[in-house]
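[1] Have a look; sequence and predicted model below, questions after that.
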Amino acid sequence: MTLSQRSQIRRCGQRWPTEDAALCSKRAIGGAFLPVPCAYNCGGWHLIAVADFRAAVGQAARRASDTGPDSATRAIVYARDGYACVCCGRTVIGQVRSIGHRKRRSQGLDNRACNLLTLLGTGSTGHHGRIDSRVDPDDEAHGYTLRSRQDPLLVGVMYFEQDGSGVTRWLEADGGVLLAAPAGAS
């Protein structure tokens, strides 16, 4: 057989024609593998390690239980903040970025746009990590963090530019921005 006569290698690996045939294989009988239908549509069944199957089920469960803002709210927040980190004014496009909660989710889940900020980093790195760790008292003074009794609508946020200048704005629940403090604001 020449190289040009070889059959094409499947991306999906060893194939069984039916689920029962896959269950009768030595690996499935040993209990370490489960049969699954082919993800590449070869029409057959393949074996997946039980540990891998449990990990995939766990990831799906975590995605289903995510309590973060939905994609529409995220888009509103990114657009409102000009696709820039509120802490430094640098663009978040092409950078590790995230949406941060001003009032922690444990203090009462609040995914309204007024409680969310565009930040560089993740919950444990960059500006987002610093703010979540609550180590810098200026973060509370700038409105990046809130106490449980505070209303995000009434506490202004300091937006910084890349040159270091900053301006305070008050955020609205629908994603708008107020230039002046609303009645009752601190």
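    Right, received. Where do you want to start?

[2] Run me through the strand neighbours of whichever strand or helix holds residue 159, direction for each.
    Per DSSP states H and E: residue 159 is located in strand 157-160. Paired neighbours of strand 157-160 in the sheet (DSSP bridges): strand 166-171 (antiparallel).

[3] so what strands line up beside the helix or strand following the partner strand?
    Per DSSP H and E, the first helix or strand lying C-terminal to strand 166-171 is strand 177-178. According to DSSP bridges, the neighbouring strands of strand 177-178, each with its direction, are strand 166-171 (antiparallel).

[4] Can you list the buried residues in the strand it pairs with?
    By neighbour count, and taking 16 or more other Cβ atoms under 10 Å as the criterion, the buried residues in strand 166-171 are 169, 170, 171. Every C-beta, even on glycine, is put in place using the N, C-alpha and C of the backbone.

[5] same question, stretch 71-91
    Buried residues in stretch 71-91, counting neighbours by 16+ other Cβ under 10 Å, are found at 73, 74, 76, 77, 78, 80, 81, 84, 85, 86, 87, 89.

[6] And stretch 129-138, by the same measure?
    Burial within stretch 129-138, assessed by neighbour count using 16+ other Cβ under 10 Å, is assigned to 129, 130, 131, 132.
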